[in-house]
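Visitor: A structural model of the following input is requested.
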Amino acid sequence: MAPMTEPADSNGAATPRTLLWILATPTSTKNFESVLRLLAERGHALVLAVEGEDIRVPGAVPFGAQLAAEHPNVAYVPAPGPERDGWAPVRDAVAGALDAIRFHEPHSRDMPYVAGRATWRISPAVRPLVALARLRGLRAGLRRVLRTLERALPPSRAAAAFLAQHDPDAVLMTPFLDFGTPQARWIRAARERGVASCVCVYSWDALALRGQIRERPDLLTVWNEAQRRDAAEIHGLAAERVAVTGAQAYDHWFEWEPATTREEFCARVGLPADRPFLLYLGSSGGYIKGELPYVREWVERLRASGRPELEEVGVLVRPHPKTKESWGELLESGPDRTRVWPLPRTEHGASLQLSDYNVSAPDARREYFDSIFHSAGVVGINTSALIESAIVGRPVHTLLEERWRYAQEETRHFRQLADAGGGALRLSRSFDEHAAQLAEVVRGDWDGGDAQREYVRSFVRPHGLDEPATPRFAATIEALAGRRDIVAAAPPASLRLLRPPLRALSAALTLFPASEADLQRLRDRGRKRARRADRRVRGTARKRGRRARRTLRRRWRRLRGSVGGRLGRAA
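Guide: Prediction:
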């Protein structure tokens, strides 16, 4: 692979390129806004193509649409979604099986909960095949067979036509690494056209916690060396295909200053300004279940710890914006020194699940920053908010408990959060140790700032704390788009011989549920139908019984009347 360098023109600017960026949803831009804005300002033709939609806040304008309105060289367009044709069942089954097999490898087999999530998404017809991957001698062969079958499938005509329409110098994709991602079709379409392709890692857990990179891109952008190792060990990407740029998603965190004074912020959330407060940052409800009762218990144990610093300390609980738990209950049952801010939106008494539109709003971001900045210390289970707190320079605490083992010690990305660069977290295995650490930060005795800065340097800004990631990311993309060594390549024509049996297999797979989740829904539906049928049978039997009893009573009354009449006449 050629070195990724981009010759500058006479005035030092990069040659303008056409960049096609495939986004799963409108809010997939959230962690790349600074990069997109910089590329637009440098004069590149940006085509932001959106495949789908997510939960929309009324009146919200996606960032991509805003950028297109500001820059004539930016287009915001819909992208064709994945084809749901006759090949879809076998395509989905092969992709899901490849994702699930990775959790039998040594690097991922100690994550049973995540492995279960991957298996939950595949067809029950494929599960016996995945089970064979437990046998070390068969695993590599199974992966090769499945990969060959995937390459034998017809390419996406819609993706090929879309690339021909826009004729880009490079195709970029995000988030890409979801289980069974359909975005792999864009890499194949780009390769067959001879166009450079790039997968842009969206988040800190994407490589460790989600699906497999099945189609090899020409480039993968990652935040740090830990993610580079993930790319090699989990996804089999060679080092020359991986570029460590730093975490561009967090560049603005290094520049921000609080929008409020501490007194103003405490007055806003309802906490006394004359004492420190601890900030509890909630996790995503999609991964951490039942966090509300845990937080209630945590606050109660904090107050009963016997440590004077914690008996009177303020506690601000900030729920994850996508949670649907009723966090208002914490205020109703907790002490007056505990506040929940902001409260989730409700409708008809139930909490509404919000979306990244809410998280991305400028006011929400600044308020979130202020809550961390003004706190004495931060507590959480496993969330990217702990990284943001480390950037701000606040001590970050996690209590390791058996109930959260599946989300903490049994996940690779949490171990990186705890270990990289000395670790961002102050871990504790008992509540007494946890309370002692919190009492220390409330007193102002914490002295771990140097170690925390080293974590931020290694994990967020590996090229130096003073070097933002955005310019390096943009230069990397410009270099990729300027490469001339990428030639068109298609799978061998001999693989087409596999298509007739694959088409028959695809038709057979339609007889099975598409995933374990679909099977569970069918089971639930069957149980409901059985209960309804049982109620109908029992109801019919009861009706017939009542009808028979009424008939017998009528006949008995008639018989009694007839016999009584005859006896009367006889007398």
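
Visitor: Count the residues that sit near residue 271.
Guide: Close neighbours of residue 271, defined as other C-beta atoms under 10 Å, add up to 23. No exception for glycine: its C-beta is placed from N, CA and C like everyone else's.

Visitor: Was I right to think it contacts residue 264?
Guide: No. With contact defined as C-beta atoms under 8 Å, residue 271 does not reach residue 264; the gap is 11.7 Å.

Visitor: didn't residue 102 look like it was pressed against residue 212?
Guide: Yes. In terms of C-beta under 8 Å, residue 102 counts as a neighbour of residue 212; the distance is 5.3 Å.

Visitor: anything in contact with each of those two?
Guide: residue 234 (C-beta atoms under 8 Å, 6 or more residues apart in numbering).

Visitor: how far out from the middle of the chain is the longest helix along the chain?
Guide: Ranked by number of residues, the top helix in the chain under DSSP state H is helix 516-570. Relative to its parent chain, helix 516-570 has a centroid offset of 54 Å by C-alpha atoms, centre = their mean, to the nearest Å.

Visitor: avg pLDDT for it?
Guide: Helix 516-570 carries an average pLDDT of 76.

Visitor: and what of stretch 409-421?
Guide: Across stretch 409-421, the per-residue pLDDT values average to 82.

Visitor: which parts of that stretch are buried?
Guide: Using 16 or more other C-beta atoms under 10 Å as the test for burial, stretch 409-421 gives 409-418, 420-421.

Visitor: ok so, going back, other SSEs contacting the longest helix of the chain?
Guide: helix 112-120 (3 or more C-beta pairs under 8 Å, 6 or more residues apart in numbering; DSSP states H and E).

Visitor: by how many degrees do the helix it packs on and helix 516-570 diverge?
Guide: 70 degrees (axes from the mean of the first three to the mean of the last three C-alpha atoms, to 10 degrees).

Visitor: Show residues contacting helix 112-120.
Guide: By C-beta under 8 Å, 6+ apart, helix 112-120 touches 96, 99-100, 102-103, 108-109, 127, 130, 179, 209, 211, 406-407, 410-411, 515-517.

Visitor: So which of those belong to helices?
Guide: Using DSSP H, those in helices are 96, 99-100, 127, 130, 209, 516-517.

Visitor: just the helices in the stretch 51-200 of the chain please.
Guide: Secondary structure of the stretch 51-200 of the chain by DSSP state H, counting those that start in this stretch: the helices cover 63-70, 88-101, 112-120, 127-132, 136-152, 157-166, 184-193.

Visitor: mind checking which of the ones you listed is nearest residue 204?
Guide: The minimum distance between residue 204 and these falls on helix 112-120, with 14.7 Å, by C-beta to C-beta.

Visitor: Average pLDDT for the closest one, rounded please.
Guide: On average, helix 112-120 scores 88.

Visitor: Return the set of buried residues in that helix.
Guide: Residues 114-115, 117-119 are the ones in helix 112-120 that count as buried (16+ other C-beta under 10 Å).

Visitor: In TSV: the residues you listed, plus distance to residue 153.
Guide: Below are the buried residues of helix 112-120 laid out as TSV (distance: C-beta to C-beta, whole Å):
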residue	distance to residue 153
114	27
115	25
117	25
118	21
119	22
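
Visitor: Looking at those, which one is closest to residue 426?
Guide: residue 114 (24.9 Å).

Visitor: distance of that closest one from residue 67?
Guide: 34 Å (C-beta to C-beta, to the nearest Å).

Visitor: And residue 389, by the same measure?
Guide: Residue 389 sits 29 Å away from residue 67, taking C-beta to C-beta as the criterion.

Visitor: Tell me which of the two has more neighbours.
Guide: The neighbour comparison of residue 389 against residue 67 (other C-beta under 10 Å) goes to residue 389, with 27 against 21.

Visitor: For the more buried one, which non-adjacent residue is closest in space?
Guide: residue 378 (4.1 Å; C-beta to C-beta, 6 or more residues apart in numbering).

Visitor: try residue 442
Guide: Going by C-beta to C-beta, 6+ apart, residue 442 has residue 309 as its nearest residue, at 4.3 Å.

Visitor: Isn't that neighbour up against residue 437?
Guide: No. The criterion here is C-beta under 8 Å, and residue 309 misses it with residue 437 at 11.2 Å.

Visitor: Between these two, point out the one with more neighbours.
Guide: Taking neighbours as other C-beta under 10 Å, residue 309 and residue 437 compare with residue 437 leading, 20 against 17.

Visitor: give me every residue that touches residue 252.
Guide: Taking C-beta under 8 Å, 6+ apart, we find residue 252 in contact with residue 34.

Visitor: How about residue 275?
Guide: 312-314.

Visitor: Make TSV out of those residues and add neighbour count, distance to residue 279 and pLDDT.
Guide: Converted to TSV, the contacts of residue 275 look like this (neighbours: other C-beta atoms under 10 Å; distance: C-beta to C-beta, whole Å; pLDDT from 0 to 100):
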residue	neighbour count	distance to residue 279	pLDDT
312	13	16	87
313	23	11	92
314	24	9	93
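
Visitor: which element follows whichever helix or strand residue 391 is part of toward the C-terminus?
Guide: Using DSSP states H and E, residue 391 falls within helix 385-392. Where DSSP H and E defines the elements, the next helix or strand beyond helix 385-392 is strand 396-399.

Visitor: how does this protein divide into domains?
Guide: With domains defined by automatic domain parsing, the chain comprises 18-83+155-247+470-481, 88-151+492-509, 255-460.

Visitor: Pick the most deeply packed of the ones you listed.
Guide: Ranked by mean neighbour count, these are led by domain 18-83+155-247+470-481 with a mean of 20 (mean count of other C-beta atoms under 10 Å).
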